[in-house]
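> Have a look at this fold, sequence not included:
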């Protein structure tokens, strides 16, 4: 990947700064002449005292701001003030379980954008504060923590829910959420966005109920049966090129790869993704997702208990959806859509490999389709290229919903 273009106009700024410095020097020289009025030093002294006072009042490492204060400020910063807007955090009953929704937007009449998170148990509600606000100018954005995970974990009877964790059950749950949203906002259709594992749910939902959707958006789209093999082969190329003997040894120990569905599959899938992140296949330029999973600490939607239970709930969902109740990965990929399809994908993505997603896109039949490549991204486009993602949502997706 070529480096990003250098900031425009840097030389011009330097020239301007040099000229101003020379002009200031001349003025100071004149100030030192007999009879000159020495007002500037007094101004500098006043400024210095003001800055000193501000510095004295600034927080220090010994007086770290508590979480409640941080999230209160972030909540205030993100508050929806428009009378026609909506800002709601609410539980609803979905097929026998309590599940949470975050609903935010500047105008209730805007198109609804329902986000299906990844994982399978990795919600984005707690992280959305860091990237979502601009989307809310154009869409009513809904983040949904699915059964037993994220904010929905606290009220969950995990033992009772575990046998229900199937892909089709999540499609059925999504239908209840869609019906709830359309009824609440008096709209006939919405846009559904499937992110990562959520891109396995979204196509099936749209295939079964096309009349409810303006469009389907795949973000980090799952490419189907060949995705894991593509991940492994691309990753092996990268680590061998780097002569990374530790990575080569650990990855070769995972063979046969991809693992068959069932007990032990999750451990191998996660081990491969550990190295995918090290080699820019997760969040480009970052070797881990540590920052990403730390963001809910400041998420106004999550309590401290929600934050503490997020990773255990994620592991629970992975165990039961992948290890415990295996379905052939990528089986029954939807290849015919009755609604427009837009896919957004990072060039360097290995979590859901770029090549597999593009091959899937080329196979699908739909009235309208668009594949947008993010050249400086991997699997975290909303953080890696947030401005371009916003522009893509506005320019490519909003017109499909006839949004304002």
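Arrived safely, thanks for sending. In this text, all values refer to a predicted model and were calculated from it rather than measured experimentally.
> Can you give me the neighbour number for residue 308?
Residues contacting residue 308 under the criterion other C-beta atoms under 10 Å number 13. Bear in mind the C-beta positions are built from the backbone N, C-alpha and C, glycine included.
> shaky segments in the stretch 251-400 of the chain?
Applying pLDDT under 70 to the stretch 251-400 of the chain flags the ranges 323-331.
> With adjacent residues omitted, what lies nearest to the spatially most central residue of the chain?
In the chain, the C-alpha closest to the average C-alpha coordinate belongs to residue 382, at a distance of 5.0 Å (C-alpha atoms, centre = their mean). When the adjacent residues along the chain are set aside, residue 382 lies closest to residue 131, with 4.5 Å between them (C-beta to C-beta, 6 or more residues apart in numbering).
> The residue nearest to the centre of the chain against residue 133, yeah?
No. Residue 382 sits out of contact with residue 133 when judged by C-beta atoms under 8 Å, with a separation of 11.5 Å.
> how close does residue 114 get to residue 183?
Going from residue 114 to residue 183 by C-beta to C-beta, to the nearest Å gives 14 Å.
> So which of these two has more stuff around it?
Set side by side, residue 114 and residue 183 show more neighbours around residue 114, with 26 against 9, by other C-beta under 10 Å.
> Tell me the spacing between the residue nearest to the centre of the chain and residue 134.
Taken as C-beta to C-beta, the spacing of residue 382 relative to residue 134 amounts to 10 Å.
> Same check on residue 186?
Relative to residue 134, residue 186 is positioned 25 Å away (C-beta to C-beta).
> can you give me the strands in the chain?
Using DSSP state E, the strands of the chain run over 86-94, 97-105, 112-116, 140-145, 190-195, 213-219, 341-346, 369-374.
> Kindly reformat those strands as CSV containing distance to residue 74.
Written out in CSV, the entries for the strands of the chain read as follows (distance: least, C-beta to C-beta, whole Å):
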stretch, distance to residue 74
strand 86-94, 13
strand 97-105, 13
strand 112-116, 19
strand 140-145, 15
strand 190-195, 22
strand 213-219, 24
strand 341-346, 26
strand 369-374, 26
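> Tell me which of these lies nearest to residue 266.
The minimum distance between residue 266 and the strands of the chain falls on strand 190-195, with 19.1 Å, by C-beta to C-beta.
> domain assignment for the protein?
Taking automatic domain parsing as the criterion, the chain consists of the domains 70-226+290-401, 227-278.
> so which of the ones you listed is the most packed in?
domain 70-226+290-401 (a mean of 19; mean count of other C-beta atoms under 10 Å).
> Tell me who's in contact with residue 298.
When the contact criterion is C-beta atoms under 8 Å, 6 or more residues apart in numbering, the partners of residue 298 are 67, 70, 71, 74, 129.
> For the first one, give me the pLDDT.
At residue 67, the model reports a pLDDT of 92.
> cool, the last one as well?
Reading off the confidence values, residue 129 has pLDDT 96.
> same deal with the second one?
According to the per-residue confidence, residue 70 scores 94 in pLDDT.
> what's the answer for the fourth one, then?
Reading off the confidence values, residue 74 has pLDDT 94.
> need the contact list for it.
Contacts for residue 74 (C-beta under 8 Å, 6+ apart) come out as 129, 298, 300.
> and those residues as CSV, adding distance to residue 110?
Below are the contacts of residue 74 laid out as CSV (distance: C-beta to C-beta, whole Å):
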residue, distance to residue 110
129, 19
298, 26
300, 21
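> between the residues you listed, which is closest to residue 200?
Distances from residue 200 to the contacts of residue 74, taken by C-beta to C-beta, are shortest for residue 129, at 25.9 Å.
> Give me the distance between that closest one and residue 389.
When distance is defined by C-beta to C-beta, residue 129 is 16 Å away from residue 389.
> Same check on residue 161?
33 Å.
> cool, residue 117 as well?
Spatial separation of residue 117 from residue 389 under the definition C-beta to C-beta is 16 Å.
> now do residue 192
Between residue 192 and residue 389 the computed distance is 17 Å (C-beta to C-beta).
> who touches residue 252 in this structure?
Residues counted as contacts of residue 252 (C-beta under 8 Å, 6+ apart): none.
> let's have the chain start at 669 instead
Shifting the count to begin at 669 puts that one at residue 920.
> Can you give me the distance of it to residue 884?
Distance check for residue 920 against residue 884: by C-beta to C-beta, it reads 38 Å.
> Over to residue 956?
Distance check for residue 956 against residue 884: by C-beta to C-beta, it reads 31 Å.
> Over to residue 792?
Counting by C-beta to C-beta, the gap from residue 792 to residue 884 is 18 Å.
> cool, and residue 976?
Using C-beta to C-beta, residue 976 is found at 34 Å from residue 884.
> Then residue 780?
Counting by C-beta to C-beta, the separation of residue 780 from residue 884 is 14 Å.
> Give me the common contacts of the two.
In the contact map built from C-beta under 8 Å, 6+ apart, the residues linked to both residue 780 and residue 884 are residue 859.
> Which stretches in the stretch 819-968 of the chain count as helices?
Residue ranges of the helices in the stretch 819-968 of the chain, as given by DSSP state H, counting those that start in this stretch, are 826-829, 835-853, 866-876, 895-909, 913-920, 933-946, 958-962.
> Which pLDDT value goes with residue 692?
The pLDDT attached to residue 692 in the predicted structure is 43.
> Out of the strands of the chain, flag the one nearest residue 960.
strand 858-863 (12.5 Å).
> Which residues outside that closest one are in contact with it?
Among residues not part of strand 858-863, those counted as contacts by C-beta under 8 Å, 6+ apart are 779-786, 792, 807, 842, 846, 849-850, 868-871, 873-874, 880-889, 1065, 1068-1069.
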